[in-house]
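>>> model this:
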Amino acid sequence: MVNFCLYILAELAIAACDLAEVLGMAIGIHLLTGIPLLWGTVITVFDTFLFLLLQRYGIRKMEAFIIALVAIIGLSFLVEIILAKPPVVAVAKGFIPFALDDG
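Modelled structure (predicted):
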């Protein structure tokens, strides 16, 4: 009986986490694009089913898809940096570590 109660509580915790992820992504899509929350939720659910579908075809296909998504994000950042035209010297200085002052 205790195991069954713990199982139910674990399932409720999983459902709560999934709900938070779906709503968080829907809100993020709304903030970035202005798409209504309902459509953001539909996109999120579609995205979840897409990952489940890719998992059926093997882990390599899913890994390739995730790598493609990360590459798209990286290229988007690169394009944004090129469009923003920041001072190159200031950007390079940001990569140099320095000691923090004790204040």
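>>> can we go C-alpha only for contacts and neighbour counts from here?
Fine.
>>> and the most centrally placed residue in the chain, which helix or strand is it part of?
By CA atoms, centre = their mean, the chain has its centre lying nearest to Met25, at 7.9 Å. Following DSSP states H and E, one finds Met25 within helix 2-33.
>>> where does this structure have low pLDDT?
By pLDDT under 70, the weakly predicted segments of the chain are 102-103.
>>> how about 80 then?
Applying pLDDT under 80 to the chain picks out residues 100-103.
>>> so what's Ala64 up against?
Ala64 makes contact with no residue, according to CA atoms under 8 Å, 6 or more residues apart in numbering.
>>> how close does the nearest residue to Met25 once chain neighbours are set aside get to Ala26?
Spatially, and ignoring its direct neighbours in sequence, Met25 is nearest to Thr44 (6.6 Å; CA to CA, 6 or more residues apart in numbering). Noted for Thr44: a distance of 7 Å to Ala26, by CA to CA, to the nearest Å.
>>> do the same with Pro97
For Pro97, the distance to Ala26 - CA to CA - is 37 Å.
>>> now Leu78
25 Å.
>>> more crowded one of these two?
Ala26 (23 against 12; other CA atoms under 10 Å).
>>> the closest residue to that one other than its chain neighbours - how many residues pack around it?
Excluding its sequence neighbours, the residue lying closest to Ala26 (CA to CA, 6+ apart) is Gly40, at 4.3 Å. The number of residues packed near Gly40 is 22, by other CA under 10 Å.
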